[in-house]
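K.L.:
quick one, what's the 3D model for this:
(chains A and B)
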Amino acid sequence: DGGITQSPKYLFRKEGQNVTLSCEQNLNHDAMYWYRQDPGQGLRLIYYSQIVNDFQKGDIAEGYSVSREKKESFPLTVTSAQKNPTAFYLCASTSGIRQPQHFGDGTRLSIL
Amino acid sequence: SQQGEEDPQALSIQEGENATMNCSYKTSINNLQWYRQNSGRGLVHLILIRSNEREKHSGRLRVTLDTSKKSSSLLITASRAADTASYFCATDARLYDMRFGAGTRLTVKP
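P.N.:
Below is the predicted model:
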């Protein structure tokens, strides 16, 4: 079955540490997205990528970095510069502009 | 900033009743989408309605769109306990991403 796989499901970060969240898709989608979800709030866009080797900042990119070296993969690094990283992180992909997004099951990041 | 704003924030009904959720948005759109999110899971796409459509059905779901009022509604008929989830509207305010509201948390009591 095609879909999006996010790992790990739970992640803990120590002060001053960078952590990387994995997102892999086998839907052959060109566009991929990273969102942050805080309790009781909607999704806020961190980064998106329309094509391999290209990505754009979303609304809350500060303290985060991404890469898109392969079509299937779009990892997100939460750097130590992100002072409030505790949240639920969702990865999504889409087949084209304004098309429905397919989501992974998220990674919950907490601070130790 | 959020484009879609759902109303109410939370809704609790009995099994078998209908549930109506509303979404308002601020700028012109090409389409509006509704998603569902079970607790601790990712979002699942439910239905897409284009700006030139007024109503769309999918099973027990009925979506309406009023572009003059910049609003949409999602109706779930004959609700079931399994419909308990958060429901989000999303609009294509920008070309390459969707803008999601804060969601309506629906609880269906058996």
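K.L.:
contact partners for the closest residue to residue A:103 other than its chain neighbours?
P.N.:
Among residues not flanking residue A:103 along the chain, residue B:42 sits closest, at 3.4 Å (CB to CB, 6 or more residues apart in numbering or on different chains). C-betas here are computed from N, CA, C, even on glycine. Residues near residue B:42 by CB atoms under 8 Å, 6 or more residues apart in numbering or on different chains: A:4, A:6, A:90, A:92, A:103, A:104, A:105, A:106.
K.L.:
low-confidence ranges, chain A, go.
P.N.:
A:1 (pLDDT under 70).
K.L.:
what sits against the residue in it that chain B sits nearest to?
P.N.:
Closest to chain B within chain A is residue A:103: 3.4 Å, counting by CB to the nearest CB. By CB under 8 Å, 6+ apart, the contact set of residue A:103 is A:4, A:90, A:91, A:92, B:42, B:43, B:44.
K.L.:
tabulate these (CSV), appending distance to residue B:22.
P.N.:
As requested, those are exported to CSV (distance: CB to CB, whole Å):
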residue, distance to residue B:22
A:4, 29
A:90, 24
A:91, 28
A:92, 24
B:42, 24
B:43, 19
B:44, 20
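K.L.:
contacting residues around the spatially most central residue of chain A?
P.N.:
The centroid of chain A falls nearest to residue A:34 when counting by CA atoms, centre = their mean (3.1 Å). If you count contacts by CB under 8 Å, 6+ apart, residue A:34 has them with A:21, A:23, A:45-48, A:58, A:64, A:66, A:74, A:76, A:89-92.
K.L.:
about what we covered before: would you write a PyMOL line that selects the buried entries of the contacts of residue A:103?
P.N.:
Selection of the buried residues among these in PyMOL, burial being defined by 16 or more other CB atoms under 10 Å in any protein chain shown:
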select buried, (chain A and resi 4+90+91+92) or (chain B and resi 42+43)
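K.L.:
show me the two of the contacts of residue A:103 that sit farthest apart.
P.N.:
Taking CB to CB, the two most distant members of those are A:91 and B:44; they sit 14.2 Å apart.
K.L.:
mind checking which helix or strand the nearest residue to residue A:64 once chain neighbours are set aside is in?
P.N.:
In space, and not counting its chain neighbours, residue A:64 is closest to residue A:46: 5.2 Å by CB to CB, 6+ apart. Under the criterion DSSP states H and E, the helix or strand holding residue A:46 is strand A:43-51.
K.L.:
show me what counts as buried in that strand.
P.N.:
For strand A:43-51, burial by neighbour count (16+ other CB under 10 Å) applies to A:43, A:44, A:45, A:46, A:47, A:48, A:49, A:50.
K.L.:
partner residues bridging the third one?
P.N.:
In this structure, residue A:45 has the following beta-bridge partners (DSSP bridges): residue A:35.
K.L.:
so who does it touch?
P.N.:
Residue A:45 neighbours (CB under 8 Å, 6+ apart): A:33, A:34, A:35, A:58, A:59, A:60, B:97.
K.L.:
can you add distance to residue A:84 and secondary structure and give the residues you listed back as JSON lines?
P.N.:
Converted to JSON lines, these look like this (distance: CB to CB, whole Å; DSSP: H, G, I helix; E, B strand; the rest coil):
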{"residue": "A:33", "distance to residue A:84": "21", "secondary structure": "strand"}
{"residue": "A:34", "distance to residue A:84": "16", "secondary structure": "strand"}
{"residue": "A:35", "distance to residue A:84": "16", "secondary structure": "strand"}
{"residue": "A:58", "distance to residue A:84": "16", "secondary structure": "coil"}
{"residue": "A:59", "distance to residue A:84": "15", "secondary structure": "coil"}
{"residue": "A:60", "distance to residue A:84": "10", "secondary structure": "coil"}
{"residue": "B:97", "distance to residue A:84": "22", "secondary structure": "strand"}
